[in-house]
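Engineer: Need coordinates for the following:
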Amino acid sequence: IKITDARLVYEDAIEKNTTTIDQINLSTGAIGRSEFSPLEATLRVTQTTPKSQAELSLNSDMMLDLNQMRLQMQDLQLKVHAKTPDLPKHGIKLAFDTHLDIDHRQESLSLSDLRLAINDTAFEGQFSVQSFAKPNIHFSLHSDEIDVDKLVLVPASSNNGSTSDTIQLPVQHLRQMTVQ
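Structural biologist: The predicted model follows:
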């Protein structure tokens, strides 16, 4: 598959908002065979209300085995740079590197050799899920230094006042999970 410089535009007349996905580039090798092939993708998303922008890039060696219902992505690299009024003025930069393995028949997902960077804070570890119907989640993340102030996303327009917004959690679904 090869897509070069594609563009999608959605105009919402009621909300007076335009969302544009442009600079869409996708290049893959053979898909659906029992062999790894390269995958490269980039795109930019912009929105007029509120004025927002995100740039994404994805690179990996991928194997999608349709017979075995399994997706493997070696050396998966995802990078995101987003700017919105709800984020700090400089926006947020996310870099995510891992090896991904999703086996639908075994109902398993694993991220090994996981490296995650959010702005200037870096984490390493692994993540796995067994049983999609009743998830058994295992994860381990480590960081040499965590600056919580850099991770807490305070909007640029915030007055740093406290709010009493209540968040409704899906308690019934959370009780079905095993998290370690």
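
Engineer: what's near enough to touch the residue minimising distance to the centre of the chain?
Structural biologist: For the chain, residue 78 is the residue whose C-alpha lies nearest the centre (C-alpha atoms, centre = their mean; 7.4 Å). Each residue near residue 78 by C-beta atoms under 8 Å, 6 or more residues apart in numbering is listed here: 56-58, 94-97. In short, each C-beta sits where N, CA and C put it, glycine included.

Engineer: which stretches of the chain form helices?
Structural biologist: 148-151, 171-175 (DSSP state H).

Engineer: For ChimeraX, what selects the buried ones among the contacts of residue 78?
Structural biologist: ChimeraX command restricting the contacts of residue 78 to the buried ones, with burial defined by 16 or more other C-beta atoms under 10 Å:
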select :56,57,58,95,96,97
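
Engineer: need the helix or strand of the chain with the lowest average pLDDT.
Structural biologist: Every helix and strand of the chain was ranked by mean pLDDT, DSSP states H and E. The lowest is helix 148-151, at a mean of 70.

Engineer: Adding mean neighbour count and distance to residue 126 as columns, could you present the helices of the chain in a markdown table?
Structural biologist: Below are the helices of the chain laid out as a markdown table (neighbours: other C-beta atoms under 10 Å; distance: least, C-beta to C-beta, whole Å):
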| stretch | mean neighbour count | distance to residue 126 |
| --- | --- | --- |
| helix 148-151 | 10 | 20 |
| helix 171-175 | 8 | 22 |
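
Engineer: now those in JSON lines, with distance to residue 15?
Structural biologist: Shown next, in JSON lines, are those (distance: least, C-beta to C-beta, whole Å):
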{"stretch": "helix 148-151", "distance to residue 15": "31"}
{"stretch": "helix 171-175", "distance to residue 15": "30"}
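
Engineer: mind checking which of those is nearest residue 116?
Structural biologist: Of all the helices of the chain, helix 148-151 sits nearest to residue 116, with 11.3 Å by C-beta to C-beta.

Engineer: distance of the nearest residue to residue 125 once chain neighbours are set aside from residue 123?
Structural biologist: Leaving aside its sequence neighbours, residue 125 sits nearest to residue 141 (C-beta to C-beta, 6 or more residues apart in numbering; 4.0 Å). From residue 141 over to residue 123 the distance is 5 Å, taken as C-beta to C-beta, to the nearest Å.
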